[in-house]
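# Predicted structure and sequence below. I'll ask about it afterward.
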Amino acid sequence: MVRWKDPRIDFLKADVERFCAGLDDLAPAARLHLVVRLRKALDEATGTALDESMAAAKAQGWGLRRIGRLAGLSHEKVRCRLARPAAGAGGSA
């Protein structure tokens with residue numbers, strides 16, 4: 001698998017680590033709530049970017065196995081994700 005070094009990832013990771021370190025003095029319920037909200041927000045943002053990247057690769061003729069190998073997913077999971085309607089697509093008039 002090809003790995004690219006990108007300082008933006010290190011920057012974001014450091015921000016997340018600072019955020020998490022700032023939770024140390026909070027009550028456990030508050031810490032859990034904030035960590036879960038952070039995880040959900042990150043999953044939404046990266047999931048959308050992943051789906052868009054996979055769709056772009058597919059549009060360029062990449063096979064599902066190749067996409068999956070780079071995305072860290074099975075080709076079947078790639079197929080399922082690409083088959084889903086895009087978030088917000090087909091909105092009401």
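Looks like it arrived, so ask away.

# now the strands for the chain?
Under the criterion DSSP state E, the chain carries no strands.

# need the contact list for the residue nearest to the spatial centre of the chain.
When the chain is reduced to its mean C-alpha position, the closest residue under CA atoms, centre = their mean turns out to be residue 46, at 2.1 Å. With contacts taken as CB atoms under 8 Å, 6 or more residues apart in numbering, residue 46 has no neighbouring residues. All C-beta atoms are positioned from the backbone trio N, CA, C, and that covers glycine.

# could you check the distance from it over to residue 40?
Between residue 46 and residue 40 the distance is 11 Å, computed by CB to CB, to the nearest Å.

# can you check residue 6 too?
Separation of residue 6 from residue 40 (CB to CB) stands at 24 Å.

# Flag the shaky bits of this structure, pLDDT-wise.
By pLDDT under 70, the weakly predicted segments of the chain are 1-3, 86-93.

# how about 50 then?
1, 87-93 (pLDDT under 50).

# Okay, buried residues for the longest helix seen in the chain please.
The helix spanning the most residues in the chain, taking DSSP state H as the definition, is helix 28-59. For helix 28-59, the neighbour count (16 or more other CB atoms under 10 Å) marks 50-51, 54, 57-58 as buried.

# could those go into TSV alongside distance to residue 29?
Compiled in TSV, those are given as follows (distance: CB to CB, whole Å):
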residue	distance to residue 29
50	31
51	33
54	37
57	42
58	43
